[in-house]
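> what's the 3D shape of this:
(one chain, ligands or ions: 1)
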Amino acid sequence: MPELPEVQAHAERLTDQFAGSVLNAFTPFKFTVLKTAVPNPDQAYGLPLLGVGRRGKYLLLRFEPITFAVHLMQGGRLLVDTKQSAKPRNGQARFVFAEGPALLLTEAGTERRAGVWCVPSLTALSDPPLARLGPDALEVSPDQLAEAFATTNMRLHGYLRDQHLIAGLGRMLANEVCHRARLSPFAMTGKLGPVGANAVVAAIHEACDDGLAYERTRADMSSSADRPGRVHGRVGLPCPVCDDTIRSVSYSGYTVAYCPTCQTAGKVLADNTTSRFLK
Ligand SMILES: [Zn+2]
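You can find the predicted model right below:
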């Protein structure tokens, strides 16, 4: 799934290429892709795209007076569409501009969970779906996070992935942040205190900065296998910091990857595939 660096770099690329383009039409190919009934997308017709921003993992196509919030979920992409074919492969919706290429929302796979929300620009951040997001991962302060950790006691890895608690991180960055903070993915947030919160905020910035630096070199959005990481996708390989072997705990949809020496005082955590203890 695209996470903060991928969405941010994509927003920057789209702004470079499409800002100023006048919207002619928003065309959903599946009626379920548009998640809102009002305002009508046609309120943006004839108006220029002011820019593409980001909140959490949402892309925000800003017009005045309305904004399109696009969530790509797992397999969604917002692609530059020069062909504008009548039945585009995996096509979910298309933004057609007066001149130049269109933007095509595609979603591979069968889940079909990507979506577009049309919201008033003035209240976009305080209306659903953005209203439900926690503070943006790059904007949360150590004090803010320490306070939130103290009131919400849960496993750190789960906390980092919960968009209502902190927005923008996903499975890959949760792994990378825990490793850089030298904290167990299963550390309880209620016990981390200000020192732990400080380490997590620093780790978020390091991991996101590295991800952004990589993503900004690309002409399109990476898939998670392309993205460089220290522990994510490196199970069985040596830790780049200490040379210990990267271990994992597997869940149905994802894998928690960690370095025992760096993160769990050498302790190897029981893997769900061999033990049900941690479930
Ligand atoms: Zn290590």
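> kindly report the residues of the protein close to the ion.
Taking C-beta under 5 Å from the ion, the part of the chain that reaches the ion is made up of 239, 241-242, 244, 259, 261-262. Heads up, the C-betas are built off the backbone N, CA and C, glycines and all.
> can you flag the buried ones in those residues?
239, 259, 261-262 (16 or more other C-beta atoms under 10 Å).
> and the helices in the stretch 1-150 of the chain, which stretches?
4-18, 142-151 (DSSP state H, counting those that start in this stretch).
> the buried ones among the residues of the chain next to the ion in helices, which ones?
Members of these lying in helices (criterion: DSSP state H): 261-262.
> where does the residue nearest to Tyr258 when sequence neighbours are not counted land on pLDDT?
Residue nearest to Tyr258 in three dimensions, not counting chain neighbours: Pro185, with 5.4 Å by C-beta to C-beta, 6 or more residues apart in numbering. You'll see Pro185 listed with a pLDDT of 97.
> most packed of the helices of the stretch 1-150 of the chain?
Burial of those is given as mean neighbour count (mean count of other C-beta atoms under 10 Å); helix 4-18 ranks first at a mean of 20.
> elements contacting that one?
Counting contacts by 3 or more C-beta pairs under 8 Å, 6 or more residues apart in numbering; DSSP states H and E, helix 4-18 is packed against strand 51-55, strand 58-62, strand 76-81, helix 193-215.
> ok now that helix, how far from the chain's centre?
13 Å (C-alpha atoms, centre = their mean, to the nearest Å).
> what of stretch 65-72?
Relative to its parent chain, stretch 65-72 has a centroid offset of 15 Å by C-alpha atoms, centre = their mean.
> likewise stretch 109-126?
Relative to its chain's centre, stretch 109-126 lies at 14 Å (C-alpha atoms, centre = their mean).
> same list (the residues of the chain next to the ion) but as a markdown table, adding pLDDT.
Below are those laid out as a markdown table (pLDDT from 0 to 100):
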| residue | pLDDT |
| --- | --- |
| Cys239 | 98 |
| Val241 | 98 |
| Cys242 | 98 |
| Asp244 | 98 |
| Cys259 | 98 |
| Thr261 | 98 |
| Cys262 | 98 |
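> so which strand or helix has the residue of the stretch 51-200 of the chain found nearest the ion?
Nearest residue of the stretch 51-200 of the chain to the ion: His179, at 7.4 Å (C-beta to the ion). In this assignment (DSSP states H and E), His179 forms part of helix 171-180.
> got the CA coordinates for that helix in PDB?
Coordinates of each C-alpha in helix 171-180 appear next as PDB, following Å, rounded to 0.1, in the frame of the first residue of the first chain:
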ATOM      1  CA  ARG A 171       2.800  -1.800   7.400                       C
ATOM      2  CA  MET A 172       6.200  -1.000   5.900                       C
ATOM      3  CA  LEU A 173       6.900   2.300   7.800                       C
ATOM      4  CA  ALA A 174       5.600   0.800  11.100                       C
ATOM      5  CA  ASN A 175       8.400  -1.800  10.800                       C
ATOM      6  CA  GLU A 176      11.000   0.800   9.800                       C
ATOM      7  CA  VAL A 177      10.000   3.200  12.500                       C
ATOM      8  CA  CYS A 178      10.200   0.600  15.300                       C
ATOM      9  CA  HIS A 179      13.600  -0.500  14.100                       C
ATOM     10  CA  ARG A 180      15.000   3.000  13.900                       C
END
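> what packs against it?
When contacts are defined as 3+ C-beta pairs under 8 Å, 6+ apart, helix 171-180 sits against helix 156-161, helix 193-215, strand 255-258, helix 260-263.
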